[in-house]
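1. Predicted structure and sequence below. I'll ask about it afterward.
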Amino acid sequence: MNLEEIKVRFIDFAETECKGRSNLYYQLSKRVAQDDSLSQLAASARPGQPIPNIFFASIHYLLLKDEKCTLANFYPSIVKEPTEEIPFDEFKKFCIGKSAEIRYLISTKLVQTNEITRCAYLMPVFSRIIWQEDRPSTIIDIGTSAGLTLNFDKYEYCYNEKKIYGNSGIVVKSKVLGPRIPRIYPITQSLKKIGIDQNIIDLQNEDEILWLKALIWPDQLERFRIMEAALKEAESSGIELVQANTIREFKNVIENVQEKQNLIIFATHVLYQFSNEQRQEFYLMLDEIGKVRDFYFLSVEGIRELLAKYSSKDLVIELTTYKNSNKTEALVAETNGHGNWIKWHEYGQ
């Protein structure tokens with residue numbers, strides 16, 4: 001990827017993801033896109049990784065490790081006084097001085113966000129499937145990171161500032177666009193939860209948890225509070241975490257689920273990191289399993305083929321149902337990267 005392509009990534013990140021949601025990253029992204037040295041530094045990211053996200057997370061990580069650094073004084077996640085803008089000269093000075101460390105981080109780390117707000121669309125879909133099936137269920141998360149979204153049944157849900165379900169200190173809030181407000185069904189059946197990732201986040205490893213926090217945008221303080229609470233919940237949740245690197249290993253885990261279990265597999269913002277060949281292999285693997293057993297696959301992605309399939313400009317939430325060796329696909333909703341808003345096509349009431 002050449003320098004101009006890197007700069008376009010930062011401009012797109014600013015305008016499509018940060019604008020109206022993170023003034024700090026919006027301003028920084030636009031300035032990085034105009035700076036050759038910083039754009040070149042960001043180019044060290046490994047293929048498939050979202051470059052602006054991992055670049056800014058690496059800087060945030062270093063600041064969280066050294067809160068006495070001058071630049072840390074402008075990060076709301078570190079200091080109590082909020083700031084509207086980070087002095088770009090100070091930001092660039094830090095990046096150049098820490099260029100070797102930043103280059104190492106963005107070339108070795110992965111963007112593994114455990115965005116709890118994404119449960120705002122997971123819970124309505126999963127609860128309805130579990131209610132309809134009315135039997136014990138196994139839920140498998142592809143690209144689970146620390147497994148926090150697997151605890152979707154442990155959280156409280158508010159849509160358009162109105163509580164819909166649950167009673168928890170971890171409150172998932174989202175705005176519903178349009179008339180369809182999701183219905184959430186009580187989950188009474190037993191759940192087995194399995195998270196698969198090539199790099200499982202160790203909840204006992206302080207450095208790995210710090211990286212998880214560094215991925216949170218520094219001026220979105222509520223996300224830090226929810227993350228802390230969700231991490232504590234995960235420590236005692238009994239989630240089975242499996243490290244796997246290949247589609248074949250994914251398949252082995254899935255095939256070990258008992259036939260009598262209702263099976264739900266999901267992937268949120270994971271498949272875009274696969275190569276085209278890996279994605280095709282993954283879809284083929286699901287189709288092969290669907291020939292011998294029933295299950296559901298929920299995908300939340302912004303990959304080109306899905307956007308074209310549903311003529312969408314936003315992230316597509318697609319539910320694929322394998323039933324009696326037949327495969328059906330449906331557009332459930334559209335959303336953004338963090339699940340802050342949802343436009344339902346199905347599952348609304």
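-> Arrived safely, thanks for sending.
2. Pull the distance from stretch 306-322 to the chain's centre.
-> Chain-centre distance of stretch 306-322: 17 Å, with Cα atoms, centre = their mean, to the nearest Å.
3. got it, and stretch 228-241?
-> On Cα atoms, centre = their mean, the centre of stretch 228-241 falls 17 Å from that of its chain.
4. Sort out which residues of it are buried, please.
-> 229-231, 233-234, 237, 239, 241 (16 or more other Cβ atoms under 10 Å). Quick note: C-beta positions are derived from backbone N, CA and C, even for glycine.
5. repeat for stretch 32-41
-> 32-33, 35, 38-39, 41.
6. show me where pLDDT drops low in this structure?
-> 82, 84, 347-349 (pLDDT under 70).
7. Can you list the residue ranges for strands in it?
-> Secondary structure of the chain by DSSP state E: the strands cover 137-142, 156-159, 162-165, 171-176, 191-197, 240-243, 262-268, 295-301, 315-323, 326-335, 341-344.
8. Serialize these to CSV and add fields for distance to I184.
-> Listed next are the strands of the chain as CSV, based on distance: least, Cβ to Cβ, whole Å:
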stretch, distance to I184
strand 137-142, 15
strand 156-159, 6
strand 162-165, 4
strand 171-176, 11
strand 191-197, 15
strand 240-243, 25
strand 262-268, 15
strand 295-301, 15
strand 315-323, 16
strand 326-335, 14
strand 341-344, 13
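9. quick one: which of these is nearest P218?
-> strand 171-176 (19.6 Å; Cβ to Cβ).
10. List of residues touching stretch 6-19?
-> If you take Cβ atoms under 8 Å, 6 or more residues apart in numbering as the criterion, stretch 6-19 is touched by 25-26, 29-30, 32-34, 39-40, 42-43, 50-53, 217, 336-337.
11. How is this protein divided into domains?
-> 3-108, 116-344 (automatic domain parsing).
12. just to revisit the earlier point, what's the farthest-apart pair in the buried residues of stretch 228-241?
-> It's A229 and L241 that sit farthest apart of the buried residues of stretch 228-241, by Cβ to Cβ, at 19.4 Å.
13. Tell me where the stretch 101-250 of the chain has helices.
-> Using DSSP state H, counting those that start in this stretch, the helices of the stretch 101-250 of the chain run over 119-133, 206-214, 221-235, 247-255.
14. Would you reformat those helices as CSV and include distance to T16?
-> Listed next are the helices of the stretch 101-250 of the chain as CSV, based on distance: least, Cβ to Cβ, whole Å:
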stretch, distance to T16
helix 119-133, 19
helix 206-214, 22
helix 221-235, 19
helix 247-255, 30
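15. highest average neighbour count across these?
-> Most buried of the helices of the stretch 101-250 of the chain, by mean neighbour count (mean count of other Cβ atoms under 10 Å): helix 119-133, with a mean of 21.
16. If I take that one and helix 221-235, what angle do their directions form?
-> 40 degrees (axes from the mean of the first three to the mean of the last three Cα atoms, to 10 degrees).
17. Could you name the helices and strands sitting against helix 119-133?
-> strand 137-142, strand 156-159, strand 171-176, strand 262-268, strand 295-301, strand 315-323, strand 326-335 (3 or more Cβ pairs under 8 Å, 6 or more residues apart in numbering; DSSP states H and E).
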